[in-house]
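Undergrad: next come a sequence and a model predicted from it.
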Amino acid sequence: MGASRAAGRAIAWPYAVGLGAMHALACLAVLPWLFDWRSVVLAIAGVFVFGQGINLGYHRLLTHRSLALPLWLERGFVILALCCLQETPAKWVAWHRAHHAHSDGDGDPHSPLVSFLWGHVTWLAFSREPGNALGGYRRYAQDILQDRVYRRL
């Protein structure tokens, strides 16, 4: 069923190669001569610190506007999120708002009902625009595009 969503779409090579390389490199951690406890601690700290960029910055602050912070701190979390390589603020917000507007339906860019892999990973490897048939960025991320800093990012 995931193949049906991918049919007719070009592979987004930067995403496909990046995802593949990241996971291939992560597998190197199981090699005994590359293992280091300091690296484990840094990885856990990195997931926590940079994960807050996605959780707070893109998700709570920009997408849902469910948290109010000083502008300098909001932008700090958004920059942390940008470092996670999960796209620009406008694109991430548009995808997520389209997901909520059409959860598990035709307009959902990453519905898990297509397949488990499509909902979690595969959708990233194919060319797509958030809410393409529904007006895209202007419909789902107009407020983000009006902010000159987020638009520039």
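TA: Noted; the coordinates are in hand. Residues are numbered from 1 along each chain as shown.
Undergrad: let me know the outermost residue of this protein.
TA: Ranked by distance from the centre of the chain (C-alpha atoms, centre = their mean), the top residue is W33, with 32.5 Å.
Undergrad: which residue ranges of the protein form helices?
TA: For the chain, applying DSSP state H gives helices covering 2-6, 13-27, 37-52, 71-83, 89-101, 116-120, 136-140, 142-146, 148-152.
Undergrad: can you put these in a markdown table and add mean pLDDT and distance to D108?
TA: For the C-beta atoms, the positions are set from N, CA and C on the backbone; glycine is no exception. Converted to a markdown table, the helices of the chain look like this (pLDDT from 0 to 100; distance: least, C-beta to C-beta, whole Å):
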| stretch | mean pLDDT | distance to D108 |
| --- | --- | --- |
| helix 2-6 | 56 | 10 |
| helix 13-27 | 87 | 18 |
| helix 37-52 | 90 | 23 |
| helix 71-83 | 94 | 21 |
| helix 89-101 | 91 | 5 |
| helix 116-120 | 85 | 9 |
| helix 136-140 | 84 | 12 |
| helix 142-146 | 93 | 20 |
| helix 148-152 | 93 | 24 |
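Undergrad: closest one to H110 among those helices?
TA: helix 116-120 (5.2 Å; C-beta to C-beta).
Undergrad: so which elements touch the closest one?
TA: Applying 3 or more C-beta pairs under 8 Å, 6 or more residues apart in numbering; DSSP states H and E, one finds that helix 116-120 contacts helix 2-6.
Undergrad: OK, contacts around the spatially most central residue of the chain?
TA: The centroid of the chain falls nearest to Q86 when counting by C-alpha atoms, centre = their mean (3.6 Å). Residues near Q86 by C-beta atoms under 8 Å, 6 or more residues apart in numbering: I54, Y58, W92.
Undergrad: the second one and L80 touch, don't they?
TA: No. With contact defined as C-beta atoms under 8 Å, Y58 and L80 do not form a contacting pair (9.5 Å).
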